[in-house]
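Peer 1: can you look at this prediction? I've put the sequence above it.
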Amino acid sequence: AQSVTQLGSHVSVSEGALVLLRCNYSSSVPPYLFWYVQYPNQGLQLLLKYTSAATLVKGINGFEAEFKKSETSFHLTKPSAHMSDAAEYFCAVSDPSFGNEKLTFGTGTRLTIIP
Amino acid sequence: DTAVSQTPKYLVTQMGNDKSIKCEQNLGHDTMYWYKQDSKKFLKIMFSYNNKELIINETVPNRFSPKSPDKAHLNLHINSLELGDSAVYFCASSHRSGGSEKLFFGSGTQLSVL
């Protein structure tokens, strides 16, 4: 079985400050890992994904995440927050043998940007 | 030109009623999904269809019946609605099942059962 834990259901940062959203995973096999973003009243959109290639993954809108096997982590970062980054962020894990059919989401982290 | 569209956006109904949510994708994908997001934002897969065939059916009550008339459509019919069915239901699609194919989500249907 696989699972993800997102530490902090709410994170607030000032505009221009570093964004750090934490995700730890549990998986019995080398996982695929994803970050999705959900803007108000919209569906989820893929930010980035890790599929066992480079451990540092760059995504859209200036976000990146680093896969650290020793820490079972896949934290999402952005050097400088923008007001438009305010949204709900979901970390997800899947078993490569099953892909999206076994995609498990975390409970999300709501990011608030302080002007 | 919406990629994944689902209707209605809001659905308010009484307990015991039967309702349907429709989903259509124009991306040419062969795999479609239904997800349920509860009030705590927990998102869980319900069904997955590949080329009109059911691939996965998580522990969902049989009051929920997906119907896929063709690869571009996956509708969700719910019988005898219960209070606990209140949630946001998301349709999604991807190019193929398995792997790490990007999921494209609809904007959700907020179901409120009174």
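Peer 2: Cool, got the structure.

Peer 1: so A:Thr55 sits against A:Lys68, correct?
Peer 2: Yes: contact status for A:Thr55 versus A:Lys68: in contact at 7.3 Å, counting by Cβ atoms under 8 Å. Where you see a C-beta, it was placed from the backbone N, CA and C, and this is true even at glycine.

Peer 1: roughly how far is stretch B:69-85 from the heart of the chain?
Peer 2: 6 Å (Cα atoms, centre = their mean, to the nearest Å).

Peer 1: distance between the ends of that stretch?
Peer 2: Terminal residues of stretch B:69-85 lie 24 Å apart, using Cα to Cα, to the nearest Å.

Peer 1: got the contact list for that stretch?
Peer 2: B:13-26, B:29-30, B:32-34, B:46-47, B:49, B:51-52, B:63-68, B:89, B:91, B:111, B:113 (Cβ atoms under 8 Å, 6 or more residues apart in numbering or on different chains).

Peer 1: now with 6 Å, please.
Peer 2: With Cβ atoms under 6 Å, 6 or more residues apart in numbering or on different chains as the contact definition, stretch B:69-85 has outside contacts at B:13, B:15-25, B:30, B:32, B:34, B:49, B:63-68, B:113.

Peer 1: would you mark the buried spots in that stretch?
Peer 2: B:Lys71, B:Ala72, B:His73, B:Leu74, B:Asn75, B:Leu76, B:Ile78, B:Leu81, B:Asp85 (16 or more other Cβ atoms under 10 Å in any protein chain shown).

Peer 1: pLDDT score for the first one?
Peer 2: In other words, B:Lys71. Model confidence at B:Lys71, given as pLDDT, is 89.

Peer 1: what does chain A have sitting close to chain B?
Peer 2: A:32, A:42-44, A:46, A:49, A:51, A:99-101, A:105, A:107-108 (Cβ under 6 Å from any Cβ of the partner chain).

Peer 1: please repeat the previous calculation with a cut-off of 7 Å.
Peer 2: A:32, A:41-44, A:46, A:49, A:51, A:88, A:90, A:98-101, A:103, A:105, A:107-108 (Cβ under 7 Å from any Cβ of the partner chain).

Peer 1: how about the residues of chain B by chain A?
Peer 2: B:33, B:40-43, B:45, B:48, B:55-56, B:90, B:94, B:97-103, B:105-108.

Peer 1: which of the residues you listed fall in strands?
Peer 2: Among these, the members falling in strands (DSSP state E) are B:Tyr33, B:Leu43, B:Ile45, B:Ser48, B:Ile55, B:Ile56, B:Phe90, B:Ser94, B:Phe105.
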